[in-house]
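J.: My questions concern the predicted model and sequence given below.
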Amino acid sequence: MAKRPRLQHVSVPRPAGAEARARSFYGDILGLEEIPVPKSLDGRNLVWFRIGENTELHTFPEENTAPNSGRHLCIEVDDLEGMRRKLVAAGYEPWDSAAIPGRPRFFCHDPFHNQIEFTTIEGDYLELQ
C-alpha cells in the first residue's frame with residue numbers, strides 16, 4: 001500500500017543577506033538543527049533546517065515578504081510557555097489568537113515578518129468541543 005502524501009518541507013522568505021539572522025532565530029532561539037543545502041543549489045543563499053523527523057524548513061532570499069498575510073507555518077513544541085518565554089527574552093512579541101480545544105497556541109513573527117504558530121497537542125479538538 002502506498003504511503004499517504006506528507007509534508008517534506010516548508011519554505012519561508014527572508015531578505016537577501018540575512019542568513020545570520022535566520023540562523024539566530026531558527027537555530028539558536030527555536031533550537032532547530034541546520035542541515036546542509038545540496039551543492040547543486042550553492043550560490044542561492046539558502047539556509048535549511050531540520051524540523052521534526054523527516055521535515056525541513058528552508059529559508060530563501062526574497063524582498064517582497066507580506067507582513068500582514070495570514071499565511072503561516074505551525075511548529076509543535078513540548079513546552080509552549082517555555083518557547084514563549086524564549087521568544088520574549090529574545091525581543092519578539094508573541095500574541096494569542098482564538099483558542100482551539102486541546103491545542104493551546106500562540107503566534108509570533110520571525111525576524112522577516114513570517115508568521116509562525118506554536119502549539120502543543122493535548123487532545124483531539126473534535127472530542128473536546
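T.: Looks like it arrived, so ask away. Quick caveat: nothing in here was measured; it's all calculated off a predicted structure.

J.: can you give me the strands in the chain?
T.: Using DSSP state E, the strands of the chain run over 9-14, 33-35, 47-50, 56-61, 72-76, 105-109, 115-119.

J.: of these, which approaches A98 most closely?
T.: Relative to A98, the nearest member of those by CB to CB is strand 105-109, separated by 9.1 Å. Where C-beta positions appear, they are placed from N, C-alpha and C, glycine not excepted.

J.: Now do the closest one: which elements does it pack against?
T.: Counting contacts by 3 or more CB pairs under 8 Å, 6 or more residues apart in numbering; DSSP states H and E, strand 105-109 packs against helix 80-89, strand 115-119.

J.: returning to what we had before: do you know which of the strands of the chain lies nearest R21?
T.: Smallest distance to R21 across the strands of the chain (CB to CB): 7.1 Å, for strand 9-14.

J.: what does that closest one contact?
T.: 21-22, 48, 51, 55-62, 64-65, 73, 110-112, 114 (CB atoms under 8 Å, 6 or more residues apart in numbering).

J.: same thing but 7 Å
T.: Applying CB atoms under 7 Å, 6 or more residues apart in numbering, the external contacts of strand 9-14 come out as 22, 55-62, 65, 73, 112, 114.

J.: same check, this time on stretch 113-123
T.: Defining contact as CB under 7 Å, 6+ apart, one finds that stretch 113-123 is touched by 12-13, 65, 67, 71-78, 80, 83, 102-110.

J.: in that stretch, what's buried?
T.: Within stretch 113-123, the residues that count as buried by 16 or more other CB atoms under 10 Å are N114, Q115, I116, F118, T119.
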